[in-house]
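# Generate coordinates for the sequence data below:
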Amino acid sequence: MITIINSEEAPPIKEEDLSALNKFSIEKGINLSFEWKEGQFWLHSDRTEERAIGIEIDRELARHEEFFKKSSLQKELLARAVGVKGPYRPKVLDLTAGLLGDGLLLLSFGCEVWATERHPVIRFLIESALQNAHHPRIKSFHFIPGDALKALKEPPDVDVFYFDPMFEDANQKSSPKKEMRIFRNVVGSDLDAQLVFKEALLLKPKRLVIKRPRHSISLSEKPSVEYIGKSTRYDVYFSV
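Alright, predicted model coming up:
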């Protein structure tokens, strides 16, 4: 069942989006509650005490811009992992757009970003947020609805494939933050993570970057290089 809060103010939902959301809701046996506010749709948590989840594109990009006025990009592990160096800014295909956390960070580095997302709930939030975005950098962002494997069949001409799979292993012990918990409850794990990794590697991009929890196992073979932070690790595979 789909519930829309403030539906009298909201624009009509496209038929294909509504059909996909209803299908997902019925198949999973869960209710989905969206709220129209501040010019876009937000997803309500399954816990009434928690705020709704939405993608605040303009606010996030402005926040990153302010941060990088005082901090060097070379201190950012993600920037180093994708190959940002001097004036060079790689073009990046984000194979798991999610709530655009990393995609917007890549945009703030000055990269041109293509991002794909297959889940109907998250895809719906992304498209709603994009229609509400006005920041100049959003012109360098290209959204590809659909799954990673489909995007890899005819990928855009990019330098880097970036992959952040919902792939759990025995080393992940900590309790997830709100967004990740809802992702796991609503979206679930990426059961085809290994296949996506192999297909991406076969295409031989200049770099394939895999985001993992710091102490998690690698998806496959040993990476060419690792960039390790306090809680996150980026496994980088160079094309040979």
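# Am I right that residue 125 is in contact with residue 99?
Yes: if you go by C-beta atoms under 8 Å, residue 125 and residue 99 touch, sitting 7.1 Å apart. Using the backbone N, CA and C atoms, a C-beta is placed for each residue, glycine as well.
# Buried residues, the strand or helix carrying residue 149. List them.
Secondary structure here is read from DSSP states H and E; on that basis residue 149 sits in helix 148-153. For helix 148-153, the buried set under the neighbour-count rule, 16 or more other C-beta atoms under 10 Å, comprises 148, 151, 152.
# got it, and stretch 123-131?
Buried residues in stretch 123-131, counting neighbours by 16+ other C-beta under 10 Å, are found at 123, 124, 125, 126, 127, 128, 129.
# Go through those residues and say which is closest to residue 166.
Proximity of the buried residues of stretch 123-131 to residue 166, judged by C-beta to C-beta, is greatest for residue 123, which lies at 15.0 Å.
# ok, then the element right after the helix or strand of the chain with the lowest mean pLDDT?
Of all helical and strand segments in the chain, the minimum by mean pLDDT, DSSP states H and E falls on helix 178-182, at a mean of 54. Past helix 178-182, heading to the C-terminal end, the next element that is a helix or strand (DSSP H and E) is helix 193-202.
# Give me the sheet partners of whichever helix or strand comes after that following helix and which way each runs.
Secondary structure here is assigned by DSSP H and E; on that basis, the next helix or strand after helix 193-202 toward the C-terminus is strand 207-213. Sheet pairing for strand 207-213, assigned by DSSP bridges, gives strand 160-163 (parallel), strand 232-238 (antiparallel).
# just checking, next helix/strand downstream of strand 207-213?
Using DSSP H and E, the helix or strand that follows strand 207-213 in sequence is strand 225-228.
# Give me the buried stretch members for that following strand, please.
Residues of strand 225-228 classed as buried under the neighbour-count rule (16+ other C-beta under 10 Å) are 226, 227.
# Ok, stretch 65-79 next?
Residues of stretch 65-79 classed as buried by neighbour count (16+ other C-beta under 10 Å): 68, 73, 76, 77, 78, 79.
# Which two of the residues you listed have the greatest separation?
Considering C-beta to C-beta, no two members of the buried residues of stretch 65-79 lie farther apart than 68 and 77, which are separated by 14.2 Å.
# Sounds good, over and out.
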